[in-house]
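Participant: Below: sequence and its predicted model.
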2 protein chains.
Amino acid sequence: MAQKDEFALQSFLPYLLNQAAEESSLAFQQIYKDRYGMLRTEWRVLFHLGLYGRLTAKDIGARSRMHKTKISRAVQRLEDRRFLTRAPDDADRRQEYLDLTTQGRAAYRDLHGVAQSYDAALADTLTAEEERILRIALRKLARMD
Amino acid sequence: MAQKDEFALQSFLPYLLNQAAEESSLAFQQIYKDRYGMLRTEWRVLFHLGLYGRLTAKDIGARSRMHKTKISRAVQRLEDRRFLTRAPDDADRRQEYLDLTTQGRAAYRDLHGVAQSYDAALADTLTAEEERILRIALRKLARMD
DNA sequence: TGTTGTTAGTTACAAAATCAACCGTTAACA
DNA sequence: TGTTAACGGTTGATTTTGTAACTAACAACA
């Protein structure tokens, strides 16, 4: 009655995904932390603003699926450190538009470049086919398709 | 002088990996939390013990790459809730062997089964080829190969 | 208008993760 | 042996996150 147990922890997709995610973001995390004292949430907010321009906190939430309290705190910290400014929306005074400052845009450009080469380096550990399929599969799993 | 900027946040591998990891572990997380009041760290420790049998905290750390304080606290909580016991190692009294209790093994078997079908459901959203390549690529990125 | 419900964002408090310092034990080696 | 370093594991202080309740503004509609 030997029970076949091929299902090791290492084949559990959420576990694998987590390990790969952690391992792959470690070095990059160190960079935005060291250079700009940013946390991951802050880096993400900065990235969204750098990429799409003026957004409200809500917009960022919709795109990133970060919880609004996380965004609120990240925006606060980025404002404190002069990476962004808030502009009231007169048409709807519940929300505020967020804009990167000159300093914010500089940080964005810097980190954008780092991310780009970091991504290329990661992809280099894979074959072209693996990379292509990986991106497709991840989009599906993240429900981003 | 239009600068081509194809590098969106959504193509950054660490970001994609994180989103996929979060999205894919959400529902499962709810299960071990609801059924056994476990946190992710605790579930991981339980799983390692269920899968490999008696281990020390250090062994678990080496396999999972969790920080030792996380493991220490997870072990503590699992012991408090009678999912595992500690046995002193007389050959090296710095470390302790950890063993699942009957209750611990039952929880492991239950969650193991859930994980198995959960994994199958996730894989169902992918083609066979995508799944195969995905696992290979993730193993490489997680440096588990 | 006025009441009720919804939305954008913040805040307060509890839960959890991180980091450094720590304790007892073992290893290395003069 | 005696001294110093390294190791396994724990603890405490601080930081970060999660959850819920909150405020202020808007919307819907009687």
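Facilitator: Ah, there it is. All of these numbers come straight from a predicted model, not from anything done at the bench.
Participant: Now look at the helix or strand hosting residue A:75 and say if it contacts chain B.
Facilitator: Assigned by DSSP states H and E, residue A:75 belongs to helix A:68-80. No - applying C-beta under 8 Å from any C-beta of the partner chain, one finds helix A:68-80 out of contact with chain B, separated by at least 12.4 Å. Using the backbone N, CA and C atoms, a C-beta is placed for each residue, glycine as well.
Participant: cool, stretch A:90-100 as well?
Facilitator: No - Stretch A:90-100 does not reach chain B (C-beta under 8 Å from any C-beta); its nearest approach is 14.5 Å.
Participant: Give me the buried positions along that stretch.
Facilitator: Buried residues in stretch A:90-100, counted by 16 or more other C-beta atoms under 10 Å in any protein chain shown: A:96, A:98, A:100.
Participant: Tell me the pLDDT of the last one.
Facilitator: pLDDT, the model's per-residue confidence, is 98 for residue A:100.
Participant: doesn't residue A:108 make contact with it?
Facilitator: Yes - with contact defined as C-beta atoms under 8 Å, residue A:100 counts as touching residue A:108 (6.3 Å).
Participant: list residues touching both of those two?
Facilitator: Common neighbours of residue A:100 and residue A:108, counting by C-beta atoms under 8 Å, 6 or more residues apart in numbering or on different chains, are A:46, A:49, A:50.
Participant: ranking those by neighbours, who comes first?
Facilitator: Each of the shared contacts of residue A:100 and residue A:108 was scored by neighbours using other C-beta atoms under 10 Å in any protein chain shown; the highest score is residue A:46's, at 25 neighbours.
Participant: could you say which helix or strand contains that residue?
Facilitator: Using DSSP H and E, the element containing residue A:46 is helix A:40-52.
Participant: and for that helix, what are the contacting residues?
Facilitator: The contact list for helix A:40-52 (C-beta under 8 Å, 6+ apart) reads A:25, A:29, A:32, A:38, A:55, A:59-60, A:63-64, A:66, A:70-71, A:73-75, A:77-78, A:83-84, A:98-100, A:104-105, A:107-109, A:111-112, A:115, B:8-9, B:15.
Participant: same deal with stretch A:117-124?
Facilitator: Stretch A:117-124 is touched from outside by A:24, A:27, A:28, A:131, B:7, B:11, B:12, B:13, B:14, B:141, with contacts defined as C-beta under 8 Å, 6+ apart.
Participant: mind putting those residues in JSON lines, neighbour count included?
Facilitator: What follows is the contacts of stretch A:117-124, written out as JSON lines (neighbours: other C-beta atoms under 10 Å in any protein chain shown):
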{"residue": "A:24", "neighbour count": "25"}
{"residue": "A:27", "neighbour count": "13"}
{"residue": "A:28", "neighbour count": "21"}
{"residue": "A:131", "neighbour count": "18"}
{"residue": "B:7", "neighbour count": "15"}
{"residue": "B:11", "neighbour count": "14"}
{"residue": "B:12", "neighbour count": "21"}
{"residue": "B:13", "neighbour count": "26"}
{"residue": "B:14", "neighbour count": "23"}
{"residue": "B:141", "neighbour count": "26"}
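Participant: Including pLDDT, could these go into CSV?
Facilitator: Output for these, formatted as CSV (pLDDT from 0 to 100):
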residue, pLDDT
A:24, 94
A:27, 92
A:28, 95
A:131, 97
B:7, 76
B:11, 84
B:12, 92
B:13, 95
B:14, 95
B:141, 95
